[in-house]
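**Student:** Starting from these lines, generate the structure:
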Amino acid sequence: MSVRPSPAIAAIGIAALLASAGFAVAQSGKSAAKADASADAGNSSGSFEVSGVDVDVRGKNAEAARLGGWRLAQRKGWSMLARQLTGSSSSLSDSALDGLVTGIVVENEQIGPNRYVARLGVLFDRNRAASILGVGGTLMRSPPMLLVPVQVSGGAHRVFEGGNAFADGWARFRTGNSSIDYVRPNGSGPDRLLMNAGQVARRGRGWWRSILDQYGATDILVPTVELRRSYPGGPVTGIFTAGHGPDNRQLAQFVLRVNDGNAIPALMDAGIARIDKAYQDALRAGILKPDRLLVTEPPRPEIPLEETGEEELIDTGETPTVATGTAITIQFDTPTVGALTGGEAALRVVPGVSSAITTSTALGGVSLMRVTYDGSQASLRAALEARGWQVQEGAGVLRIRRGGGSPAPAQPAAPIPEAGNSSSE
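**Tutor:** Numbers count the residues shown, from 1 in each chain. Model prediction:
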């Protein structure tokens, strides 16, 4: 895997390459990533994404033709994004677009000696693009949803156990245009123990509440795919189901098919995109609501006390102490160890914070911090926003991200056609 620097997009690296799907991501400001960089490719919550941009460019050599194709994709992608958000096309200079584009997604490409033919996707910086197009900066998002992807293959139900193409597909999935706030465990540490196919079949709200508290989520999403192979290496049929809640209530179901077993990653990507659309449609329709027993614990029955008729004072010899401060759970992104320690340090210097301790570490994901604050949750949110954080508020939970204003609204993505040589059934 190599990096091809160019004057248009400085230090663009190929972040992920799937041979079966011809899929790669090039992000600006990064060197060549590791071969297994699907988790980084899926982290695009700060970008607008425009996909399906077709280019056919000739040049004096292969490198010049490819650079010209990416330039053309930026222009066409910006016009498509403007029509999607404002209803009218828009154009910018190449230098302005270089500052807006955060990545080029290679969906399919063919490189000749002096010709470049490709289908590309373009990622635009969300805040800058929204300000230029004059669209609002507020996007209504769902509460944090814990994602438990289940793959059924050969009669075996798996979530994070062993090689799982469905879990890998969710790690690649870019959430920039989605209104669902996915909490995606990376499958390490206690993830395989807490979230498995057996847990999905349980209905007890108490155990689910304990798991949701560990990951800072308020609800559960259970997407499922059942793979049926005609013969080894031959056609594969995927039955996709969008489930929701501790009862795994079915919201949508559809079937996709590919004619080659090597195209399973493309099958997963197309199925996940349609499942995400089903979840967004359910959110807009008001169906995607958390179970009330997941949010609040039911009251415990009162135990009657027997009266003896005598009152007696008990002297313990200890001076009672009164605990001060409000305990609040903070969710924050920790792509590196430095981000983890920096997040703790940033919270400790906020006036009114007496302690900030990380209770759950997820490098490359979302970690949890327990903060004791001398005030209300609303005042802590205001203090964090004054320091430049993006803050989303839930019951006893704050989700913080670095950056400017809140994300801008995104239109729902168009229905994704079947991948490659797939056909709906």
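**Student:** the helices in the stretch 1-150 of the chain, which residues?
**Tutor:** Assigned by DSSP state H, counting those that start in this stretch, the helices in the stretch 1-150 of the chain fall at 38-41, 62-86, 94-100, 126-133.
**Student:** Mind checking those for the one nearest to His157?
**Tutor:** helix 38-41 (22.1 Å; Cβ to Cβ). All C-beta spots, glycine's among them, are computed from the backbone N, C-alpha and C.
**Student:** any idea of the mean pLDDT in the closest one?
**Tutor:** For helix 38-41, mean pLDDT is 41.
**Student:** any idea what sits nearest Glu344, other than its immediate chain neighbours?
**Tutor:** If the residues on either side of it in the chain are set aside, Glu344 comes closest to Ala356, at 5.3 Å by Cβ to Cβ, 6 or more residues apart in numbering.
**Student:** Next, the one you found: phi, psi?
**Tutor:** Dihedral pair for Ala356: phi -140, psi 110, per degrees, to the nearest 10.
**Student:** surely it meets Thr341?
**Tutor:** No: Ala356 lies out of contact with Thr341 (Cβ atoms under 8 Å); the separation is 11.1 Å.
**Student:** If you count surrounding residues, which of the two has more?
**Tutor:** Ala356 (20 against 12; other Cβ atoms under 10 Å).
**Student:** what about that one, distance to Asp333?
**Tutor:** 16 Å (Cβ to Cβ, to the nearest Å).
**Student:** same question, Gln199
**Tutor:** Applying Cβ to Cβ, the value for Gln199 to Asp333 is 25 Å.
**Student:** can you check Leu133 too?
**Tutor:** Distance check for Leu133 against Asp333: by Cβ to Cβ, it reads 26 Å.
**Student:** Next: Arg249.
**Tutor:** 30 Å.
**Student:** Among those two, which residue is more densely surrounded?
**Tutor:** Asp333 (19 against 12).
**Student:** Quick check: which element contains the more buried one?
**Tutor:** With elements taken from DSSP states H and E, the one containing Asp333 is strand 326-334.
**Student:** Any buried residues in that strand, and which?
**Tutor:** Neighbour counts over strand 326-334 (16 or more other Cβ atoms under 10 Å) mark Ile328, Thr329, Ile330, Gln331, Phe332, Asp333, Thr334 as buried.
**Student:** got it, and stretch 54-72?
**Tutor:** Val55, Val57, Gly59, Ala65, Arg66, Leu67, Gly68, Gly69, Trp70, Arg71, Leu72.
**Student:** If we go by neighbour counts, what in the next helix or strand after the strand holding Asp333 is buried?
**Tutor:** Toward the C-terminus, strand 326-334 is succeeded by helix 337-348 as the next helix or strand (DSSP H and E). The neighbour-count criterion (16+ other Cβ under 10 Å) identifies Ala339, Leu340, Gly343, Glu344, Ala346, Leu347 as the buried residues of helix 337-348.
**Student:** Surely Ser142 touches Gly286?
**Tutor:** No: Ser142 is not in contact with Gly286 according to Cβ under 8 Å; the separation is 11.4 Å.
**Student:** For the two, indicate the residue with more neighbours.
**Tutor:** With neighbours defined as other Cβ under 10 Å, Ser142 and Gly286 compare such that Ser142 has more, 20 against 7.
**Student:** quick one: the more buried one from Asp247, how far?
**Tutor:** Ser142 is 18 Å from Asp247, by Cβ to Cβ.
**Student:** if we can go back for a sec, Throw the helices of the stretch 1-150 of the chain into JSON lines and include distance to Ser188, thanks.
**Tutor:** As requested, the helices of the stretch 1-150 of the chain are exported to JSON lines (distance: least, Cβ to Cβ, whole Å):
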{"stretch": "helix 38-41", "distance to Ser188": "11"}
{"stretch": "helix 62-86", "distance to Ser188": "35"}
{"stretch": "helix 94-100", "distance to Ser188": "35"}
{"stretch": "helix 126-133", "distance to Ser188": "29"}
